[in-house]
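Student: Give me a model of this one.
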Amino acid sequence: MFRLAFCLPFVAFGIGQARECPVDGDCMDLYEYRTGESSHTEDNRRTDASAVFVNPSRPFSVSSFSMAGVRGPLKWSQIPPDAQALFLMNSSVQLLHHFLDGTKEEDSQLRAWSNGNIRALIDLAQRRTGWRQGFPCGYPLAPDDMYDALDRFSVEGYRILVVGSETPWVEAILIGYGNAKHVTTVDFKPLPSNDYVETVLVDELDESFPLYDAVVTFSSIEHDGLGRYGDPMHPFADIERMQGIRSLVRSDGLIFLAVPIGRDSLVWNAHRIYGEKRFNLLTRGWIFEAIFGGTQDDLRAEVPDASYHFQPLWVMRREE
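Tutor: So this is what the prediction gives:
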């Protein structure tokens, strides 16, 4: 289930399942951690993109899993032991607990996606307004990280896909500061129509299969498959979704990716925290370019408890 980091609330992004993926065979090879596969270092060593598990006709649909049809939110004690082992990558991921029922969160999208609100956000972005100067954002460092990234990696004239969005703060920065030509936001539930951002449903994107110059996904992928928002349970939904995103980006296109990083951890059922093991699986097929608001060493940072949350912005380029 996608949740984009928002500069207000998150958005639920649940995706249907598409095809069989036996968990004890070739499918598991996709998720097996291989030491020496660490790729996101300064010398731009590449990940192994040979095992891409994507339905070519529906790139945003993840494979079936043994808990197919079971939707969350579920307590950890309700997860079968064999599925627990997959969620924890055979005990290589630290387990922490912060149970949330995202199906009860209020929907405040109508006001956030009004033409007036989007125009106001674009005006702030054009002046490079940060959180401390009044840009409305739940993550204080996020706007400045985006500005810095766009200073180095221009998206002027680009067609950009934003994956999962409750409020259009990223979209406003892409338009107002980045001078993007066209911004499309994809979500599971309908977003209010407006004059600035094209909004589409997941099924519509699967049917049209367009190619974009760049993708932005901010605090979204880490929630996928955990059931927090009533989405289907799947231990590798995040990894498969990232490969689906890759299929929608043109050759040599960019991704601006923000997920929590630190020691590999599963904070059930709130989110994942990506360390060296799972982050390298998540970003297969992408070449590291830069990181804003953190360093690569932060992938090894200790995660003392479930309240830990550190989320820099990575920029990567699609590998052929």
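Student: which of the residues in the helix or strand in which residue 288 is found are buried?
Tutor: Remark: residue 288 resides in strand 286-292, with elements defined by DSSP states H and E. Across strand 286-292, burial judged by 16 or more other CB atoms under 10 Å covers 286, 287, 288, 289, 291, 292. Glycine gets a C-beta too; all of them are placed from N, C-alpha and C.
Student: and what of stretch 184-196?
Tutor: 184, 185, 186, 187, 188, 191, 194, 196.
Student: Can you tell me which of those residues end up in strands?
Tutor: The members of those that map onto strands under DSSP state E are 184, 185, 186, 187.
Student: Go through the residues you listed and name the one nearest residue 137.
Tutor: The closest of these to residue 137 turns out to be residue 185 (CB to CB; 16.6 Å).
Student: Looking at strand pairing, list the partners for the closest one.
Tutor: residue 162, residue 199 (DSSP bridges).
Student: of all the ones in strands among the buried residues of stretch 184-196, which comes closest to residue 122?
Tutor: Nearest member of these to residue 122, counting by CB to CB, is residue 185, at 14.4 Å.
Student: how about that closest one, what does it touch?
Tutor: 161, 162, 164, 165, 168, 171, 191, 197, 198, 199, 200 (CB atoms under 8 Å, 6 or more residues apart in numbering).
Student: What of residue 126?
Tutor: Taking CB under 8 Å, 6+ apart, one finds 176, 177 in contact with residue 126.
Student: pLDDT wise, what is it at?
Tutor: Note on residue 126: pLDDT of 98.
Student: same check, this time on residue 81
Tutor: pLDDT, residue 81: 93.
Student: That one and residue 88, how far apart?
Tutor: Distance, residue 81 to residue 88, using CB to CB, to the nearest Å: 11 Å.
Student: okay, those two: which has more neighbours?
Tutor: More crowded of residue 81 and residue 88, by other CB atoms under 10 Å: residue 88, with 17 against 6.
Student: Please tell me I have it right and that one contacts residue 265.
Tutor: No. Taking contacts as CB atoms under 8 Å, residue 88 lies outside contact range of residue 265: 9.7 Å.
Student: Report the set of residues contacting both of these two.
Tutor: residue 95.
Student: ok, how many other residues are close to residue 93?
Tutor: Neighbours of residue 93 (other CB under 10 Å): 20.
Student: cool, and residue 182?
Tutor: 15.
Student: start at 511 instead
Tutor: In the new count, where the first residue is 511, that last one comes out as residue 692.
Student: All the strands of the stretch 561-710 of the chain, in order from the start?
Tutor: All strands of the stretch 561-710 of the chain, identified by DSSP state E, counting those that start in this stretch, fall at 604-608, 669-673, 692-697, 708-711.
Student: okay, the angle between the second one and strand 692-697?
Tutor: With axes from the mean of the first three to the mean of the last three CA atoms, to 10 degrees defining the directions, strand 669-673 sits at 20 degrees from strand 692-697.
Student: Grab the nearest non-local neighbour of residue 769.
Tutor: Nearest non-adjacent residue to residue 769, counting by CB to CB, 6 or more residues apart in numbering: residue 732, 4.8 Å away.
Student: wait, is the one you found part of a strand?
Tutor: No. Residue 732 is assigned helix when assessed by DSSP: H, G, I helix; E, B strand; the rest coil, not a strand.
Student: Can you measure across stretch 613-631, start residue to end residue?
Tutor: Start and end residues of stretch 613-631 are separated by 27 Å (CA to CA, to the nearest Å).
Student: Hmm, which of the ones in strands among the buried residues of stretch 694-706 is lowest in pLDDT?
Tutor: Within those, lowest confidence goes to residue 697 (80).
Student: State the distance from that one to residue 677.
Tutor: 12 Å.
Student: From residue 793, how far out is the spatially most central residue of the chain?
Tutor: In the chain, the C-alpha nearest the mean C-alpha coordinate belongs to residue 731, at 2.9 Å (CA atoms, centre = their mean). Using CB to CB, residue 731 is found at 10 Å from residue 793.
Student: so what sits against both of these two?
Tutor: 752, 767.
Student: Of all the strands of the stretch 561-710 of the chain, which one comes closest to residue 759?
Tutor: Taking these one by one with CB to CB, strand 669-673 is closest: 8.0 Å.
Student: in the closest one, what counts as buried?
Tutor: If you call a residue buried by 16+ other CB under 10 Å, then strand 669-673 has these buried ones: 669, 670, 671, 672, 673.
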